[in-house]
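Trainee: next one to model:
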Amino acid sequence: MQATSPFPFANLSLELVLLIFAHAARPTFVKTGDNEPKNPYASALSLCRVSKIVRRTVLPELLRTILLPEYNNVTAFVRALRMQQAFALQENDLRFDYAGRVDRIWFGQICEPPPQAPVHSSFASSATSELDVDFSLLAPVLLSAPSLALDFESLWLLYGCLESAWNSHIHINDPERARPSWRTNILTLVGEFNRWRPLTSTAEGSAFLASISRLSFLSPTNAETHLLPTYDPCFDDLEHRKYPLPEWMTNVPWDSFKRLRTVSLALPRIVLTVAAKTSLSEENVDVELLTLIDPPHSAYWEPKDISAYTESGEGRIVSVGVRTKLEDSPFQFRVFFDWEEAWARGLLK
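Mentor: Predicted coordinates for the structure are as follows:
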């Protein structure tokens with residue numbers, strides 16, 4: 001067999017080489033069917049070890065979309081920010097400002113950890129806050145991302161970042177001056193409805209809600225199929241749009257969203273095929289994404305049937321495929337939605 005000659009990579013111009021590296025570093029968020037989770041940032045992290053100039057080329061691609069599904073991912077990200085802070089103080093060539101480079105950031109279902117027990121002064125030197133979330137480091141990055149997605153259980157991260165940014169602004173500037181600026185104007189909330197008061201009862205939270213122009217709600221990650229609308233693909237599928245929007249939407253503080261232009265709501269539906277009923281499977285299901293255009297800004301809003309919005313032109317529906325895992329048991333049939341993958345791939349726009 002005749003050996004193939006290697007590609008003359010070294011003969012390419014530096015600009016073209018860096019473009020190739022940047023393209024190769026772009027994360028792929030499409031998950032495979034195997035059970036082993038793959039790091040979407042693996043290629044970019046490997047390329048960062050090639051050289052300093054390659055590292056500076058691929059880091060923007062790595063940081064464009066950040067996924068932090070678990071608490072340990074958040075603390076690892078904060079450690080990276082702390083390391084960059086040290087590099088900046090040392091004027092190290094490896095320093096890189098993450099703020100402004102992140103376009104989209106996702107936080108999974110991350111419950112607030114319980115407060116740590118008091119540490120005796122004799123052990124203070126060995127105790128470290130490395131595992132804690134340093135909001136002074138996280139806030140500039142989180143609030144510089146135009147698009148923020150987080151589970152309702154993770155709202156404490158947003159509260160902490162807003163409080164940190166607000167307080168640092170007051171200490172530096174006259175309290176009577178304008179609020180601190182942030183770039184976040186697209187907010188996606190996932191999971192079960194939670195409390196709004198920690199946002200609406202504070203100046204920083206109210207200012208944040210007032211700056212949101214696009215708001216999206218994704219249903220809980222898992223649900224029993226009898227709670228979801230089903231349809232038979234062999235028959236007309238329009239009747240399922242006659243049901244009203246969820247009642248919890250009446251509890252959203254709509255008057256706090258001063259600049260809101262669109263509201264999107266995922267309406268999962270399940271195609272109950274024979275195969276899905278009789279076995280475990282992982283497949284895509286159709287999810288209808290309803291977008292309401294120019295929603296009311298008053299405190300009281302009585303939602304209508306979905307069909308009323310689409311027929312009047314106040315709303316539109318698009319159908320997207322979301323990866324699910326269908327779990328059948330003797331007691332119930334449950335569906336787990338992979339909203340993280342769908343959001344990362346940009347399917348839920």
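
Trainee: just give the number of residues close to Arg56.
Mentor: The number of residues packed near Arg56 is 14, by other C-beta atoms under 10 Å. All C-beta spots, glycine's among them, are computed from the backbone N, C-alpha and C.

Trainee: apart from its neighbours in sequence, what residue is nearest it?
Mentor: Of all residues beyond its chain neighbours, the one nearest Arg56 is Phe96 (6.9 Å), with distances taken as C-beta to C-beta, 6 or more residues apart in numbering.

Trainee: so that neighbour: helix, strand or coil?
Mentor: coil (DSSP: H, G, I helix; E, B strand; the rest coil).

Trainee: hmm, Leu59 and it touching each other?
Mentor: Yes: assessed by C-beta atoms under 8 Å, Phe96 is found in contact with Leu59 at 5.5 Å.

Trainee: if I look at the residue nearest to Arg56, how far off is Asn251?
Mentor: Here Phe96 is placed at a distance of 42 Å from Asn251 (C-beta to C-beta, to the nearest Å).

Trainee: which of those two has more residues huddled nearby?
Mentor: Set Phe96 next to Asn251 and count neighbours by other C-beta under 10 Å: Phe96 wins out with 16 against 11.

Trainee: what residues are up against that one?
Mentor: Contacts for Phe96 (C-beta atoms under 8 Å, 6 or more residues apart in numbering) come out as 55-56, 59, 84, 87.

Trainee: would you say Thr75 is within a helix?
Mentor: Yes: using three-state DSSP, the assignment for Thr75 is a helix.

Trainee: now the strands: where do they sit in the stretch 51-200 of the chain?
Mentor: Under the criterion DSSP state E, counting those that start in this stretch, the stretch 51-200 of the chain contains strands at 65-68, 104-107, 147-151, 186-190.

Trainee: same list (those) but as CSV, adding mean neighbour count and distance to Ile306.
Mentor: CSV is the format used below for the strands of the stretch 51-200 of the chain (neighbours: other C-beta atoms under 10 Å; distance: least, C-beta to C-beta, whole Å):
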stretch, mean neighbour count, distance to Ile306
strand 65-68, 22, 30
strand 104-107, 22, 27
strand 147-151, 24, 23
strand 186-190, 21, 19
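
Trainee: and those as JSON lines, adding distance to His169 and mean pLDDT?
Mentor: Shown next, in JSON lines, are the strands of the stretch 51-200 of the chain (distance: least, C-beta to C-beta, whole Å; pLDDT from 0 to 100):
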{"stretch": "strand 65-68", "distance to His169": "24", "mean pLDDT": "96"}
{"stretch": "strand 104-107", "distance to His169": "21", "mean pLDDT": "97"}
{"stretch": "strand 147-151", "distance to His169": "19", "mean pLDDT": "96"}
{"stretch": "strand 186-190", "distance to His169": "21", "mean pLDDT": "95"}
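
Trainee: which residues are contacting stretch 19-32?
Mentor: With contacts defined as C-beta under 8 Å, 6+ apart, stretch 19-32 is touched by 12, 37-38, 40-41, 43-44, 47, 50, 54, 57-58, 60-62, 64-65, 67, 323, 338, 341, 344-345.

Trainee: for PyMOL, what selects the buried ones among these?
Mentor: To isolate in PyMOL the members of the contacts of stretch 19-32 that are buried, counting by 16 or more other C-beta atoms under 10 Å, one can use:
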select buried, resi 40+41+43+44+47+54+57+58+60+61+62+65+67+323+338+341+344+345
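
Trainee: next step: the contacts of stretch 19-32 restricted to helices.
Mentor: Using DSSP state H, 43-44, 47, 54, 57-58, 60-62, 341, 344 are the members of the contacts of stretch 19-32 that sit in helices.

Trainee: perfect, that will be all.
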